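Novice: predicted structure and sequence below. I'll ask about it afterward.
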Amino acid sequence: MTIRSLLFATALLAASAAPALAQDPADTIAVPALRANVTVTGEVVRIGDVIDNAGTAAQIAIYRAPDLGTTGSLPVAQVLAALRARQVIGVATGGIKEVSVTRLARTVESKEIELQVARAIEHRGGLGDAANLKLTFDRDMQDVHLDASYSGAMQMVASRFDPRNNRFDVSFEISNESAAAPTRLRFTGTAIETVETAVLMRDVERGDILKSSDVAVERRPKAEITGEAAGRDRAVGMQVRRGIRSGQPLKAADLVKPDLVQRDQTVTLVFQSAGLYLTVRGKSLDNGTEGDVVNVLNLQSKRTVSGTVIGRGQVAIQVATPRLDAIDTTASIAPEATPAPAPVSVATSSVSQTPAE
């Protein structure tokens, strides 16, 4: 066999074997491909996190992961340089300009923490319901980020409240889904009970009637409210008993029904009976709200009468009905009999007639 024949046979064998090799996936080497978005749960970013088909290099750490619950970006050129330093080359970038890396986390929001602390100390040391407690933490309260594996609920493990200084000290544990020990969270600060009350938006004088724009609703420390706090719905339309400054909370004792009759005001005196309705002008000598008894000067008779306020500028009066004494039917001595009137005939006959002249 000549050399030319040998070369031809070799080429023919290679040509017949090539399709068979191309059809076997096990003999195909996958090209490493860069990922645009990466999520990690640990403290480091590995080669297998940033590229597909990393092979045996997948577990090699190349970067420190972002903080819990945050996202960072890496330029592609910087990532490729880090890969080449670990003998990983030929990575397909697919036109990606940067790689975004997010570290997964369990986030416990500050509102949830405040609610759990309030529930832990409610009804202790004279405190009321958790919904009425105002908490002030010693440290600025922010969301807490934990490793994503801490998936358990917040379990209260220690709680203390001192009513002498209103301080609390509460600790929680959150379990880990792995065998790791639970993490502990501790919070300290002060707690006071608050109540919802109507608050004045302007200075008012005694006798002023409150409008809707005069009153707002705020939560105030319960210790500041002596007596029953007044709600907004109860305050609007009512009259204040005393002068009160803007910003002051309103108490139920500060409010009365508005006066329907003012002192020295001209009013209408009303007398009503069965089938009879009379009115006369008068001058009120007192202030009064609905149902109050006031004195009124009758402008016609100049007499002072008492009546009940029934409406704006209206006072109802009642006239006393004379009472007749009843006959005592149980007396042993019969009452003196009243002589019966004489018959007409008798009366006529008893009149003397003067003879005519």
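Specialist: Nice, I can see it.

Novice: can you pull out the helices in the stretch 251-357 of the chain?
Specialist: Using DSSP state H, counting those that start in this stretch, the helices of the stretch 251-357 of the chain run over 344-349.

Novice: next: the chain.
Specialist: 3-22, 47-50, 76-85, 110-121, 232-235, 344-349 (DSSP state H).

Novice: ok, residues contacting the fourth one?
Specialist: Put plainly, it is helix 110-121. The contact list for helix 110-121, computed with CB atoms under 8 Å, 6 or more residues apart in numbering, reads 127, 130-131, 133, 135, 141-144, 154, 156, 159, 161, 168, 170, 172, 185, 187, 191. In short, each C-beta sits where N, CA and C put it, glycine included.

Novice: comparing the helices of the chain, which yields the minimum mean pLDDT?
Specialist: Lowest mean pLDDT of the helices of the chain: helix 344-349, a mean of 35.

Novice: ok now stretch 198-205, how far from the chain's centre?
Specialist: Distance of stretch 198-205 from the chain centroid (CA atoms, centre = their mean, to the nearest Å) equals 22 Å.

Novice: could you tell me the end-to-end distance of it?
Specialist: In stretch 198-205, first residue to last residue: 17 Å (CA to CA, to the nearest Å).

Novice: again with stretch 260-270
Specialist: End-to-end span of stretch 260-270 (CA to CA): 15 Å.

Novice: mind listing what's buried along that stretch?
Specialist: Buried residues in stretch 260-270, counted by 16 or more other CB atoms under 10 Å: 260-261, 265, 267, 269-270.

Novice: what is the lowest-pLDDT residue among those residues?
Specialist: Lowest pLDDT of the buried residues of stretch 260-270: residue 260, 84.

Novice: didn't it look like it was pressed against residue 288?
Specialist: Yes - contact criterion CB atoms under 8 Å: residue 260 and residue 288 qualify, at 6.8 Å.

Novice: before we move on, back to that, among the contacts of helix 110-121, which ones are buried?
Specialist: Looks like these have 127, 130, 133, 135, 141, 144, 154, 161, 168, 170, 172, 185, 187, 191 buried, using 16+ other CB under 10 Å.

Novice: want to throw those into CSV with distance to residue 308?
Specialist: Shown next, in CSV, are these (distance: CB to CB, whole Å):
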residue, distance to residue 308
127, 47
130, 48
133, 47
135, 52
141, 58
144, 65
154, 62
161, 53
168, 55
170, 59
172, 63
185, 65
187, 60
191, 50
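
Novice: for those residues, which one is nearest residue 56?
Specialist: Nearest to residue 56 among the buried ones among the contacts of helix 110-121, counting by CB to CB, is residue 144 at 38.0 Å.

Novice: report the central residue of the protein.
Specialist: By CA atoms, centre = their mean, the mean C-alpha position of the chain lies nearest to residue 131, the distance being 8.4 Å.

Novice: what sits against that residue?
Specialist: residue 118.

Novice: need the pLDDT of it.
Specialist: Looking at residue 131, its pLDDT reads 94.

Novice: quick one: common contacting residues for residue 260 and residue 288?
Specialist: Listed contacts common to residue 260 and residue 288 are residue 309; contacts here mean CB under 8 Å, 6+ apart.

Novice: circling back to that earlier point, farthest pair in the buried residues of stretch 260-270?
Specialist: Maximum pairwise distance in these, criterion CB to CB, is 15.0 Å, between 265 and 270.

Novice: circling back to that earlier point, of the buried ones among the contacts of helix 110-121, the lowest pLDDT goes to which?
Specialist: residue 141 (91).

Novice: residue 116 versus that residue, what's the distance?
Specialist: According to CB to CB, to the nearest Å, residue 141 and residue 116 sit 12 Å apart.

Novice: so what's residue 228 scoring on pLDDT?
Specialist: pLDDT recorded at residue 228 is 86.

Novice: quick check: longest strand in the protein by residues?
Specialist: When the chain is parsed with DSSP state E, its longest strand is strand 183-200.
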